[in-house]
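Undergrad: Mind folding the following:
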Amino acid sequence: MEPLAQGYGLIEGPVWVPGRGLLFSDVHHGGVFCLDADGEVSTVFEHRRGIGGMALHEAGGMVVGGRNIGYKPFAGGDTVTLLDRDPEHGNVGYNDLTTDEAGRIYAGSLGSPVFEEGEQQPGNLYLIDLDGTSRIVGRDILLTNGLGFSPDGSTLYHSDSRRQAVYCYSVAEGGGLGEKRLFAHSDAGAPDGLSVSEDGAVWVAMAGGSGVDVYEPDGSLREHIGIPQPMCTSVCFGGDGLEHLYIVTGSPGGAGHREGSVYRIQVSVPGLPVPVARVRVG
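TA: Numbers count the residues shown, from 1 in each chain. Next up, the predicted model:
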């Protein structure tokens with residue numbers, strides 16, 4: 001296991017960009033950063049805090065979560081809002097997101113601020129279609145987190161950290177989802193970000209669990225990959241052939257600390273590439 005970068009608050013949203021490197025966000029301190037092949041880190045976007053999920057967009061920029069779902073062009077310019085807050089449904093913002101083969105975006109909303117005390121309200125799962133329209137396709141997620149598809153695209157996996165569970169949905173034609181089903185539950189941490197490998201295994205970052213749990217397609221635990229920090233927040237396959245797993249962490253002490261790090265390990269099964277978003281931005 002190689003430590004590659006450190007000194008961040010809460011790292012989230014890792015995305016592999018071929019020819020460029022690993023992009024990741026710092027939820028607490030703001031910004032999106034790029035870790036290149038030489039181990040150098042540069043700033044991609046400076047100011048936006050609260051980005052819990054990101055995806056590449058075919059137009060040449062990033063789709064990012066946070067106070068809304070927005071498109072930020074790499075070349076600079078105004079952020080385009082793709083999906084705003086939804087007060088009618090108790091939506092205070094968005095956390096993680098992913099894309100399907102068609103380029104549609106799935107994004108989980110937050111019913112309550114993540115870092116505030118008090119009773120947590122559930123959020124929803126939204127689908128943003130190619131024409132820019134949106135709809136709710138899943139409900140009752142206490143703390144929405146990682147999202148990822150099975151190799152054939154027929155199943156969507158979704159972490160609910162407060163319930164310490166990963167759920168799954170059957171995917172219908174047009175992007176709609178079937179009933180939510182329990183895929184895996186853990187008493188040794190809270191499932192956070194996730195990625196899927198070519199063999200259909202689901203690799204889940206375990207916040208408070210000091211590592212990554214790897215689940216077989218049937219939901220049984222294949223292995224636990226330990227890391228030297230407790231707050232494992234997300235994972236992403238990258239490198240040539242997607243044969244490395246990048247593991248990111250957060251500071252267990254909260255926003256005033258900078259212990260968030262990036263690690264890399266070699267894996268025996270390559271990861272699945274995540275499609276670029278193709279949702280209309282103009």
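Undergrad: and Gly208, how many neighbours does it have?
TA: Using other CB atoms under 10 Å, Gly208 has 15 other residues around it. Using the backbone N, CA and C atoms, a C-beta is placed for each residue, glycine as well.
Undergrad: Confirm for me that it is in contact with Gln229.
TA: No: in this structure, Gly208 is not within contact of Gln229 by CB atoms under 8 Å, at 10.5 Å.
Undergrad: so what sits against both of the two?
TA: Any residue near both Gly208 and Gln229 by CB atoms under 8 Å, 6 or more residues apart in numbering counts here, and that gives Pro252.
Undergrad: Flag every buried residue along stretch 4-16.
TA: Using 16 or more other CB atoms under 10 Å as the test for burial, stretch 4-16 gives Ala5, Tyr8, Gly9, Leu10, Ile11, Glu12, Gly13, Pro14, Val15, Trp16.
Undergrad: Let's see which of those residues end up in strands.
TA: Ala5, Tyr8, Ile11, Glu12, Gly13, Pro14, Val15, Trp16 (DSSP state E).
Undergrad: Max pairwise distance over those residues: which two?
TA: Tyr8 and Trp16 (17.9 Å; CB to CB).
Undergrad: Take the ones in strands among the buried residues of stretch 4-16 and write them to TSV, including pLDDT.
TA: TSV is the format used below for these (pLDDT from 0 to 100):
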residue	pLDDT
Ala5	98
Tyr8	97
Ile11	98
Glu12	98
Gly13	98
Pro14	99
Val15	99
Trp16	98
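Undergrad: Pipe these into TSV and attach distance to Ala201 per row.
TA: Below are those laid out as TSV (distance: CB to CB, whole Å):
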residue	distance to Ala201
Ala5	26
Tyr8	28
Ile11	23
Glu12	22
Gly13	21
Pro14	18
Val15	20
Trp16	18
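Undergrad: out of the residues you listed, who's nearest Asn145?
TA: Glu12 (9.2 Å).
Undergrad: how deep is Val281 tucked in, by neighbour count?
TA: Neighbourhood size, Val281 [other CB under 10 Å]: 19.
Undergrad: Sorry, wrong one. I was asking about Glu2.
TA: 11.
Undergrad: cool, and Ser170?
TA: For Ser170, the neighbour count with other CB under 10 Å is 13.
Undergrad: Tell me if it really is in a strand.
TA: Yes: assessed by DSSP: H, G, I helix; E, B strand; the rest coil, Ser170 belongs to a strand.
Undergrad: who are the neighbours in contact with it?
TA: Counted by CB under 8 Å, 6+ apart, Ser170 has contacts Ser154, Thr155, Leu177, Gly178, Glu179.
Undergrad: 10 Å instead, please
TA: By CB atoms under 10 Å, 6 or more residues apart in numbering, the contact set of Ser170 is Ser154, Thr155, Leu156, Gly176, Leu177, Gly178, Glu179, Lys180, Arg181.
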